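**Student:** Any chance you could fold what I've pasted below:
(one chain, ligands or ions: 1)
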Amino acid sequence: MAGIYVHIPFCRQKCRYCDFASFPDKIGFAESYMACVYREMAMRSPELKDYSFDTLYIGGGTPSVIDESYIAMLVAAAKKNFNLAKNAEITIELNPGTVSASKIDLYKKVGINRFSVGLQTANDKLLADLGRIHTLNQFITCAKLLKGQNFSVDIMIGLKGQSLEDISQAIEVAAAFGASHISMYALTPEDGTPIYTDYLNGELPDSDEVAEQYAFGVKKLKELGFERYEVSNFCKKGKESRHNLNYWRRGEYIGFGVSASSHIKNVRFTNTFDLDEYFKCIISNHFAVIDRTEISFDEQKDEYVMLALRTTAGVDTAEYERLFKVPFAREYAPAIKKYEAYLDIADGRVRIKDEYLFVQNTIIIDFLET
Ligand code: SF4
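**Tutor:** Down below sits the predicted model:
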């Protein structure tokens, strides 16, 4: 099974921490952009006719900022051009400042069955500091519109002036209004974003403080019935994101739109980040790929291990041997020995122990250098 990702690069305004491909001043091009995305899907369709897709993820940017009729046509285009399973997980990202009852109704009507809502924090002052366009009240209105639906909420830690109480409140609000899944991410101050100045000024929490916030958040999430299945992702039983699980299992996926990346037949490729360039390519019936890398056999092994160790399921050693014809324990013997105390090795799996998952990067780097 494989996934489809579609990138909608429009937002109402740029958040202070954002370095994604999103263009607040180009929202007037939404209609032309979506026409190009439908065309790109039709162009890709023949080479993927033997694939079955079981997830469609509409992300951004802010997919909910454009007219809902474009989203309806997008889902129709995906179904027309690809074998999308009847029970496919179809997710759309929502910004609470851009939703309405009629939008949600149409999303549901066309088969969207999972929603990912960007709350980030329940503190209105912190939301304003981040440059988010919505308030806590708008999130609550959005969550009420999603009552009974399968929805996820994004929460951030590592924010300037953020207290443990703020984190607790964000998690409680998400849980109280029915979220079945919560993603809790640490802010990454990217060079070139306004928030990077806060970082340079020493105004953001340091790594020890963020680690404390993370541990606090994990505990709170557990108390409210959210089990961790990946370092930043937590859910109620059976509510894992199938789309993201496919990424972490090194599954195949095809991406459409500006900056979208793909992984098909051990080749990773990425579309241009430049909106004008994207238009020019697609209108002239060319793909907009700017970067294409074939993944060597050794790199495939490294990717498999790196992605699996991020999850609580860890490495399935029998699957590793089936895929790569060599026992995992032999291939990674030095790293396994070095990190024995940090690993759970049982039931045919090698996992990083819960308490060390937040610092998995150091451990994973050593596995890759084995
Ligand atoms: S809503 Fe998301 S994509 Fe848009 S500017 Fe903010 S962080 Fe970036």
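**Student:** And for A76, the neighbour number?
**Tutor:** With neighbours defined by other Cβ atoms under 10 Å, the count for A76 comes to 13. Using the backbone N, CA and C atoms, a C-beta is placed for each residue, glycine as well.
**Student:** how near is it to Y70?
**Tutor:** As judged by Cβ to Cβ, to the nearest Å, A76 and Y70 stand 11 Å apart.
**Student:** Select the helix or strand of the chain having the lowest average pLDDT value.
**Tutor:** Counting by mean pLDDT, DSSP states H and E, the weakest-scoring helix or strand in the chain turns out to be helix 360-369, with a mean of 82.
**Student:** which parts of that one are buried?
**Tutor:** By neighbour count with 16 or more other Cβ atoms under 10 Å, helix 360-369 contains the buried residues Q360, I363, I364, F367.
**Student:** With stretch 20-39 instead?
**Tutor:** F20, A21, S22, P24, I27, F29, A30, Y33, M34, C36, V37, Y38.
**Student:** Widest-spaced pair of those?
**Tutor:** P24 and Y38 (23.1 Å; Cβ to Cβ).
**Student:** for the strand or helix carrying N244, packing partners?
**Tutor:** Element membership for N244, per DSSP states H and E: helix 242-248. Counting contacts by 3 or more Cβ pairs under 8 Å, 6 or more residues apart in numbering; DSSP states H and E, helix 242-248 packs against strand 2-8, strand 52-60, strand 83-94, strand 227-230, helix 297-309.
**Student:** For the ligand, which of those is the nearest?
**Tutor:** strand 52-60 (5.5 Å; Cβ to the nearest ligand atom).
**Student:** Need the residues that contact that closest one.
**Tutor:** Applying Cβ atoms under 8 Å, 6 or more residues apart in numbering, the contact partners of strand 52-60 are 1-11, 20, 22, 71, 74-75, 78, 82-85, 87-93, 112, 116, 242-243, 246, 254.
**Student:** show me where pLDDT drops low in this protein?
**Tutor:** Filtered on pLDDT under 70, the chain yields the residue ranges 370.
**Student:** Show me which residues of the lengthiest helix in it are buried.
**Tutor:** Counting by DSSP state H, the longest helix found in the chain is helix 207-223. Using 16+ other Cβ under 10 Å as the test for burial, helix 207-223 gives V210, A211, Q213, Y214, F216, G217, V218, K220, L221.
**Student:** which residue is nearest the middle of the protein?
**Tutor:** Closest to where the C-alpha atoms of the chain average out (Cα atoms, centre = their mean) is N244, at 6.5 Å.
**Student:** residues touching whichever residue of the stretch 201-350 of the chain sits closest to the ligand, list them.
**Tutor:** Residue nearest to the ligand within the stretch 201-350 of the chain: S259 (10.7 Å; Cβ to the nearest ligand atom). Each residue near S259 by Cβ under 8 Å, 6+ apart is listed here: H7, P9, F20, A21, T270, N271, T272, F273.
**Student:** Residues of the stretch 51-200 of the chain that sit close to the ligand?
**Tutor:** Taking Cβ under 6 Å from any ligand atom as the criterion, the neighbours of the ligand within the stretch 51-200 of the chain are G60, G61, T62, N95.
**Student:** Can you give me the neighbour number for the third one?
**Tutor:** Summarising burial for T62: neighbours were counted as other Cβ under 10 Å, giving 23.
**Student:** Need phi/psi at it.
**Tutor:** When read as degrees, to the nearest 10, the backbone of T62 gives phi -130, psi 90.
**Student:** Now for it: which residues touch it?
**Tutor:** So T62 contacts I8, F10, C11, R12, S22, E93, N95, T98 (Cβ under 8 Å, 6+ apart).
**Student:** What of the second one?
**Tutor:** G61 is in contact with H7, I8, P9, F10, C11, F20, A21, S22, E93, counting by Cβ under 8 Å, 6+ apart.
**Student:** redo that, cut-off 7 Å
**Tutor:** Applying Cβ atoms under 7 Å, 6 or more residues apart in numbering, we find G61 in contact with H7, I8, P9, F10, C11, F20, S22.
**Student:** Equivalent analysis for D291, please.
**Tutor:** Contacts of D291 by Cβ under 7 Å, 6+ apart are F269, T270.
**Student:** hang on, it in a strand?
**Tutor:** Yes - looking at D291 with DSSP: H, G, I helix; E, B strand; the rest coil, it is inside a strand.
**Student:** ok, back up a step: give me the contacts around the least confident helix or strand of the chain.
**Tutor:** Applying Cβ under 7 Å, 6+ apart, the external contacts of helix 360-369 come out as 231, 302, 305-306, 309-310, 332, 335, 338-339, 342, 352, 356.
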